[in-house]
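**Student:** Here you go, sequence then predicted model.
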Amino acid sequence: MNFFLAALRRDLLLTFRRRNDIINPLAFFLMVGILFPLGVSPEASFLSQLAPGVIWVAALLASLLSVDGIFRSDFDDGSLEHMLVSPQPLLLLVLAKVTNHWLISGFCLALVSPILALMLFLPSEGIKPLIFSLLLGTPTLSLIGAIGAALTVGLRKGGILISLLVLPLYIPVLIFGASSVQAGSIGLPIQGYLALLAAMLALSLVLAPFAIVAALKISVRS
Amino acid sequence: MKIKFPRWFYRLASPRWFYDITSKLLPWFTIIAFLLIVIGTIWGLVFAPADYQQGNSFRIIYIHVPTAILAQSCYMLMAVAGAVGLIWKIKIAHIIAKSCAPIGASMAVLALVTGAIWGKPTWGAWWVWDARLTSMLVLFFLYVGVIALTSAYEHVASGDKAAAVLALVGVVNIPIIKYSVEWWNTLHQGATFKITEKPAMPPDMWIPLLIMIIGFYCFFAVILMSRARTEVLRRENRSDWVKSLVERY
């Protein structure tokens, strides 16, 4: 546990030294959301129907945008190699890096999402489901995305490849996340959707770290 | 407990033996696949009775269902072969996994295209956002991801391992994707064959379909073996037996 906290502290410290890494995904998230009224229609009744899906897609893309950086700088300066040969448990190290990514992407996105919800005229009943579903769903996105990041970190042109690898795996989270907001905004119960999001989080929390570690070992050795 | 397999089974792990054994198997599979597909196609397209609702348009089932089944089982084979390669570090397993990916991707495309052709007269649209169509499309993207990842690595062994990890991650996800899109939206008819139930079609309709499915599996084996053999030759091009083989031609 101490090791996990130490690793997380290091990553968070590094992130706060480069504040752009926090601001960029948020700005991207808001920009994508703003494109829809401009591109489709600014009418309130139309936008309020579109809002749950648009906000979720924007959050998903913003999370994807920053996922490439999870291991990139550590790989480039060689510290990842040292972490892999260190006697500390790799699963915890990987979890610390994913947690760091979630804190700067998913967690912040959930906090900012009410702004986008207001701009897209999401009914006020939908705002609470939106925040909860983002809080429960985005950690899964970070975990799955980290698998893609670990597989491509050794490649020179990993960027577009990550989205190809990871986006199909994001689909279930998107479906249940957006559905929960849709159900919540018309007053239907959302516990079922949240339970499914939580189940996916539990599953990926248990399984994804193993895949990430295996992928990192492949990338570093190649 | 230690399980012992017959000797030829262990020998399959060696590229050279694999090449020798498949060169004996290949003609047989080719003949069987050809016969079954010809019989199944003629029976299905000419002699099977027309559907009482869909008329003759249902006959595309004889291509659509085999390709759809193959697209799914090919992914399973790819993932199992990838796991075998990762765990026991067997070269042939990675070669099989790599050869599976393009075949599976083209089967998924065929299933989608035949489905679209079938959907136009029956549903009135080339594409509908239905669970089965969507999950087949996602399956296609998973294949594309595996192919792209394999080829992105310059180092062959690393590309193999990375693709195997991705295929295994995909296998865990396929049921989740399948059920999530099913709850999301469905219009497609149920599965044609279930192991536990008798088919809802008359025997005149499903026997040719079964022949086609078995024929497609044999066809798949033929393509898989040919691709794997080519890959064996490409990877083992420094070994003596490949050199002497090439010199003979």
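**Tutor:** Received the coordinates, thanks. Numbering: from 1, shown residues only, chains lettered A, B, ... in the order given.
**Student:** From now on I want contacts and neighbour counts done on CA atoms only, so please keep to that.
**Tutor:** Will do.
**Student:** Let's check: the centremost residue of chain B is which one?
**Tutor:** B:C74 (3.3 Å; C-alpha atoms, centre = their mean).
**Student:** any idea of the pLDDT on it?
**Tutor:** Per-residue pLDDT puts B:C74 at 95.
**Student:** Any stretches of chain B with poor pLDDT?
**Tutor:** Within chain B, the segments meeting pLDDT under 70 span B:1-2, B:185-199.
**Student:** sorry, back to before: so the residue nearest to the centre of chain B, which of the three states?
**Tutor:** What DSSP: H, G, I helix; E, B strand; the rest coil gives for B:C74 is helix.
**Student:** List the contacts of it.
**Tutor:** Taking C-alpha atoms under 8 Å, 6 or more residues apart in numbering or on different chains, we find B:C74 in contact with B:C100, B:A101, B:I103, B:G104.
**Student:** Same question for B:P102.
**Tutor:** When contacts are counted by C-alpha under 8 Å, 6+ apart, B:P102 touches B:Y143, B:I147.
**Student:** State the helix or strand in which it lies.
**Tutor:** helix B:91-123 (DSSP states H and E).
**Student:** quick one, phi/psi of B:D51?
**Tutor:** B:D51 adopts backbone torsions of phi -70, psi 140, taken as degrees, to the nearest 10.
**Student:** Pick out the residue of chain A closest to chain B.
**Tutor:** Proximity of chain A to chain B (C-alpha to the nearest C-alpha) peaks at A:L165, 4.9 Å away.
**Student:** Is there a neighbour count for the nearest residue to that residue once chain neighbours are set aside? I'd like the number.
**Tutor:** Nearest non-adjacent residue to A:L165, counting by C-alpha to C-alpha, 6 or more residues apart in numbering or on different chains: B:G145, 4.9 Å away. A count of nearby residues for B:G145, using other C-alpha atoms under 10 Å in any protein chain shown, gives 24.
**Student:** for the helix holding B:P102, the distance to its chain's centre please.
**Tutor:** In terms of C-alpha atoms, centre = their mean, to the nearest Å, the centre of helix B:91-123 is set 7 Å apart from its chain centre.
**Student:** hmm, back to that, so how far is A:K157 from the residue nearest to A:L165?
**Tutor:** To A:K157, B:G145 is 14 Å away according to C-alpha to C-alpha, to the nearest Å.
**Student:** For chain A, just list every one of the helices.
**Tutor:** A:2-17, A:20-39, A:44-67, A:69-76, A:79-85, A:90-102, A:108-119, A:127-152, A:159-185, A:191-221 (DSSP state H).
**Student:** excluding its backbone neighbours, what's nearest the residue lying farthest from the centre of chain A?
**Tutor:** Distance from the C-alpha centroid of chain A peaks at A:E43, with 29.5 Å (C-alpha atoms, centre = their mean). Once flanking residues are discounted, A:E43 sits nearest to A:P37: 7.8 Å by C-alpha to C-alpha, 6+ apart.
**Student:** surely that neighbour meets A:L47?
**Tutor:** Yes. At 7.1 Å, A:P37 counts as touching A:L47 under the criterion of C-alpha atoms under 8 Å.
**Student:** who touches both of the two?
**Tutor:** By the contact definition C-alpha under 8 Å, 6+ apart, A:P37 and A:L47 are jointly contacted by A:L120.
**Student:** returning to that earlier point: give me the pLDDT for the residue nearest to A:E43.
**Tutor:** 90.
**Student:** now the residue of chain B at minimum distance from chain A: how far from B:A108?
**Tutor:** Relative to chain A, the nearest point of chain B is B:G145 (4.9 Å; C-alpha to the nearest C-alpha). When C-alpha to C-alpha is applied, the distance between B:G145 and B:A108 equals 14 Å.
**Student:** again, but for B:A48
**Tutor:** 26 Å.
**Student:** try B:Y179
**Tutor:** Counting by C-alpha to C-alpha - B:Y179 and B:A108 are separated by 18 Å.
**Student:** Who has more neighbours out of these two?
**Tutor:** Using other C-alpha under 10 Å, the more surrounded residue of B:Y179 and B:A108 is B:A108, with 27 against 14.
**Student:** Skip the chain neighbours and tell me the closest residue to the more buried one.
**Tutor:** Of all residues not flanking B:A108 in the chain, B:A71 sits nearest, at 5.1 Å (C-alpha to C-alpha, 6+ apart).
**Student:** show me the contacts for that neighbour.
**Tutor:** Counted by C-alpha under 8 Å, 6+ apart, B:A71 has contacts B:G104, B:A105, B:M107, B:A108, B:A111.
**Student:** Can you report how many residues lie near the first one?
**Tutor:** By other C-alpha under 10 Å, 26 other residues sit near B:G104.
**Student:** can you count the residues close to the residue of chain A closest to chain B?
**Tutor:** 27.
**Student:** Now do the contacts for it.
**Tutor:** A:G148, B:L142, B:G145, B:V146, B:L166.
**Student:** so the first one touches A:V166, yeah?
**Tutor:** Yes. At 6.0 Å, A:G148 counts as touching A:V166 under the criterion of C-alpha under 8 Å.
**Student:** More neighbours: which of the two?
**Tutor:** A:G148 (29 against 23).
**Student:** any idea of the pLDDT on the more buried one?
**Tutor:** Reading off the confidence values, A:G148 has pLDDT 95.
**Student:** before we move on, what about A:S180?
**Tutor:** The per-residue pLDDT reported for A:S180 equals 92.
**Student:** Any residues of chain A in contact with chain B? List them.
**Tutor:** A:151-152, A:155, A:161, A:164-165, A:168-169, A:171-172, A:175-176, A:211, A:214-215, A:218-219, A:221-222 (C-alpha under 8 Å from any C-alpha of the partner chain).
**Student:** No further questions, thank you.
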